[in-house]
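Chemist: Quick one, what's the 3D model for this:
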Amino acid sequence: MKNLRPIDGIFIFGISYLLSVLATAGISRFLSARTVTLISIVILAGVAFFLLKMAVGQPLRYVGVRRAGPRLILYTILASLSIIVPVMSLEAVTLFRFKIPQEIIDALNEIIKARTVPELLYVLLIVAVGAAVSEEFVFRGILQRSLASRFGAWAAILITSLVFALLHTIWRLPPALILGVFLGVLYWRTQSLVLPMISHFTINSAAVIALFVAEKRGEASMPLWIREEKPAPIWMTVVSLALFFVFLRAIWRQGAPTVAQTEPSAGVLAVAQEEPSRAAPAITQEEPSAEALDPPASDARPKDGETP
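Modeler: From the prediction side, this is the model:
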């Protein structure tokens, strides 16, 4: 299986995002914001999948769509839930200093706010399932992995996370950057794209469900930190962070080795096939000794009473 060069990964990522934006720009005035978002997600993932298939031949295998153990899945969900409180507190501080324009807030609410259960399920399909699958596929599976082959894992995680944060509105840059780093580390350590997808789904689902409950009960009944109007209590943030690092450590201990340790490059395989070790020919080509060819003299002479 081929490896993507950084320039190839950047090209696939850029073309996929550009086509998803251009394809939906002309229909946004005719369709609802949710439908446009769904179409954009499908185009993003579809174009990226097609281009990656042309480049490497096996896109799902390349990005690491493989099974994860039940413990890793459980730790991933728990770590994702634990990081929500600290991230929301940081977001509240960020929004206090940098106000999001009201038109952007209204556009986001039009997509993620649900008033009925069927509407909630539709929003979860778009924002939780669709966004988790498509974004993790292009960000972590394509961009981060291709950058890691040239610049190393940590540089690739930071670059990808910064791009991820910038594309999720600049007003929420710090919290989105932290989430991006977490998702990148999760992918790098476990070598499974399924786990970042599960984490992304968990975080987005929690946000959508919290807004749904607030819509039902009234926003005034929700704590200020859930409404992102002020940080969560310090004790809650500290406990959440402690739990997050406990679960992250469990993921780290059970995570798979890095790609470099488990999947040798094509050059290594070629050398192994073309240049067998020197010890093997010495054993197989060594001429047997005369003793091994000729039987002992005592065995060669016939015994008394036997014909030669």
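
Chemist: Quickly find the element holding Ile251.
Modeler: Using DSSP states H and E, Ile251 falls within helix 234-254.

Chemist: tell me which residues in that helix are buried?
Modeler: By 16 or more other C-beta atoms under 10 Å, the buried positions in helix 234-254 come out as Thr237, Ser240, Leu243, Phe244, Phe247, Leu248, Ala250, Ile251. (C-beta placed from N, C-alpha, C; glycine too.)

Chemist: Pipe those residues into JSON lines and attach pLDDT and distance to Leu125 per row.
Modeler: Converted to JSON lines, those look like this (pLDDT from 0 to 100; distance: C-beta to C-beta, whole Å):
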{"residue": "Thr237", "pLDDT": "92", "distance to Leu125": "31"}
{"residue": "Ser240", "pLDDT": "96", "distance to Leu125": "28"}
{"residue": "Leu243", "pLDDT": "97", "distance to Leu125": "29"}
{"residue": "Phe244", "pLDDT": "97", "distance to Leu125": "27"}
{"residue": "Phe247", "pLDDT": "97", "distance to Leu125": "27"}
{"residue": "Leu248", "pLDDT": "96", "distance to Leu125": "29"}
{"residue": "Ala250", "pLDDT": "95", "distance to Leu125": "30"}
{"residue": "Ile251", "pLDDT": "95", "distance to Leu125": "27"}
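
Chemist: got CSV for those, with distance to Thr116 too?
Modeler: Output for the buried residues of helix 234-254, formatted as CSV (distance: C-beta to C-beta, whole Å):
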residue, distance to Thr116
Thr237, 33
Ser240, 31
Leu243, 33
Phe244, 33
Phe247, 34
Leu248, 36
Ala250, 38
Ile251, 36
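
Chemist: where does the protein have low pLDDT?
Modeler: 1, 219-225, 227, 256-308 (pLDDT under 70).

Chemist: so where do the strands sit in it?
Modeler: Using DSSP state E, the chain contains no strands.

Chemist: Can you get me a residue count around the residue lying closest to Leu179 once chain neighbours are set aside?
Modeler: Among residues not flanking Leu179 along the chain, Val87 sits closest, at 6.2 Å (C-beta to C-beta, 6 or more residues apart in numbering). Neighbourhood size, Val87 [other C-beta atoms under 10 Å]: 20.

Chemist: contacting residues for Val87?
Modeler: Contact analysis of Val87 by C-beta atoms under 8 Å, 6 or more residues apart in numbering lists Pro175, Ile178, Leu179.

Chemist: The first one and Thr94 touch, don't they?
Modeler: Yes - taking C-beta atoms under 8 Å as the definition, Pro175 is a contact partner of Thr94 at 6.7 Å.

Chemist: Show me which of these two is the more surrounded one.
Modeler: For Pro175 versus Thr94, neighbours defined as other C-beta under 10 Å are more numerous around Pro175 (22 against 17).

Chemist: show me what contacts Arg67?
Modeler: Counting by C-beta under 8 Å, 6+ apart, Arg67 touches Ser192, Val194.

Chemist: So what does it look like in phi/psi?
Modeler: Backbone geometry at Arg67, expressed as degrees, to the nearest 10, gives phi -60, psi 150.

Chemist: ok, it to Ala128 distance?
Modeler: Arg67 sits 21 Å away from Ala128, going by C-beta to C-beta, to the nearest Å.

Chemist: thinking Arg55 is in contact with Phe11, fair?
Modeler: Small correction: residue 55 is Ala, not Arg. No - with contact defined as C-beta under 8 Å, Ala55 does not reach Phe11; the gap is 9.1 Å.

Chemist: Please identify which of those two sits among more neighbours.
Modeler: Between Ala55 and Phe11, Ala55 has the larger neighbour count (other C-beta under 10 Å), namely 19 against 16.

Chemist: check contacts around that one.
Modeler: Lys2, Leu4, Asp8, Ile12.

Chemist: Tell me how many other residues crowd the third one.
Modeler: Neighbour count of Asp8, defined by other C-beta under 10 Å: 18.

Chemist: so who does the residue nearest to Leu44 when sequence neighbours are not counted touch?
Modeler: The shortest distance from Leu44 to any non-neighbouring residue, by C-beta to C-beta, 6+ apart, is to Ser20 (4.1 Å). Residues in contact with Ser20 (C-beta under 8 Å, 6+ apart) are Ser40, Ile41, Ile43, Leu44, Val47.

Chemist: list the contacts for the fourth one?
Modeler: Read that as Leu44. Contacts for Leu44 (C-beta under 8 Å, 6+ apart) come out as Ser16, Tyr17, Leu19, Ser20, Ser134, Glu135, Val138.
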